[in-house]
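S.K.: give me coordinates for this.
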Amino acid sequence: MHPLSAAAPTRAFYTLTHVLGIPLLLACAAWLAAASGLDMRIARALYDPALDGFPLRAHRWLELFGHRLALALPVGMALIAVALAAAGSRIAAWRPLRRPALALALTCIAGQVLVHVLKHHTTMPRPYDLATLGGNTPYPGFWWTWARAYAGGALPSGHAGAGYSMLALYFAGWSRQRRALRWGGLALGLAAGLGFSAVRILQGAHFLSQTLYSATLLWLLAAVFFYPLIVAPPRQAATDAPRTHPHPG
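M.R.: Numbers count the residues shown, from 1 in each chain. Below is the predicted model of the structure:
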């Protein structure tokens, strides 16, 4: 029997809450941040008219840790997960970790790829590129584009997505019934995502809504990739566990 079989959520519950419900709430929050004007209010509060720009845009430590090193997080986590999955094929005690590790790696890799692709098909620019905030780009009148010349290159946020990729640990812990990993992963994913989002917002590189759309995407990907491990565990999972042989007598 798979370790989650006694406590696994139903397909309907998991789909309605984790695959549809939470991503929908995050997407609505992102839409409201833009539609209500909250995006622009935050950006204007951080913009300095005297400098005609964002004072923290080139801040040394924000640039290093919140910009340059942030994207190394999902790449590093994906590499560790792939290595763990590979080791599980040779070490019997680690075999049950192979599938969660691969799902985690897929979340990290697919997240960064999709963020990169979507940036070239959405028009919303970075705050510091807007003409009203020191840049040269007018506020776009449409959202989607197939022409790269009209792409804003900022929606969704890659750095926020790098932090939110850690949310995959929540699903990994759930799939193995490891409460500490599950809830610790949720806390870590939220902290990393919100932290990198805050840095890029302070630098004038992203609007709040752009970072919330990143959270939407990364949560959705993790929920989908971990679906068969949490809701419908594969039958062969039982054979992945190390076998013990009873002693005669």
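S.K.: tell me the pLDDT of the closest residue to Pro125 other than its chain neighbours.
M.R.: Excluding the flanking residues, the one nearest Pro125 by C-beta to C-beta, 6 or more residues apart in numbering is Gly152, at 3.8 Å. For every residue, glycine as well, the C-beta is placed using N, CA and C. At Gly152, the pLDDT value in this model is 88.
S.K.: also the one 4 residues further on?
M.R.: The pLDDT attached to Pro156 in the predicted structure is 94.
S.K.: these two touch, right, it and Gln210?
M.R.: Yes: under the criterion of C-beta atoms under 8 Å, Pro156 makes contact with Gln210 at 5.7 Å.
S.K.: just the strands in the chain please.
M.R.: Read by DSSP state E, the chain holds no strands at all.
S.K.: would you mind writing the CA trace of the lengthiest helix in it as PDB?
M.R.: Longest helix in the chain, counting residues (DSSP state H): helix 179-202. C-alpha atoms of helix 179-202 as PDB (Å, rounded to 0.1, in the frame of the first residue of the first chain):
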ATOM      1  CA  ARG A 179       4.500  17.200   7.700                       C
ATOM      2  CA  ALA A 180       7.600  19.200   8.400                       C
ATOM      3  CA  LEU A 181       8.600  19.300   4.800                       C
ATOM      4  CA  ARG A 182       5.100  20.100   3.600                       C
ATOM      5  CA  TRP A 183       4.400  23.000   5.900                       C
ATOM      6  CA  GLY A 184       8.100  24.100   6.000                       C
ATOM      7  CA  GLY A 185       8.100  24.100   2.200                       C
ATOM      8  CA  LEU A 186       5.000  26.200   2.100                       C
ATOM      9  CA  ALA A 187       6.500  28.700   4.500                       C
ATOM     10  CA  LEU A 188       9.800  28.700   2.600                       C
ATOM     11  CA  GLY A 189       8.200  29.100  -0.800                       C
ATOM     12  CA  LEU A 190       6.000  32.000   0.300                       C
ATOM     13  CA  ALA A 191       9.000  33.700   2.000                       C
ATOM     14  CA  ALA A 192      11.300  33.300  -1.000                       C
ATOM     15  CA  GLY A 193       8.600  34.300  -3.500                       C
ATOM     16  CA  LEU A 194       7.500  37.400  -1.400                       C
ATOM     17  CA  GLY A 195      11.100  38.300  -0.700                       C
ATOM     18  CA  PHE A 196      12.200  38.300  -4.300                       C
ATOM     19  CA  SER A 197       9.000  40.000  -5.400                       C
ATOM     20  CA  ALA A 198       9.600  42.800  -2.800                       C
ATOM     21  CA  VAL A 199      13.200  43.300  -4.100                       C
ATOM     22  CA  ARG A 200      12.100  43.600  -7.700                       C
ATOM     23  CA  ILE A 201       9.200  45.900  -6.800                       C
ATOM     24  CA  LEU A 202      11.500  48.100  -4.800                       C
END
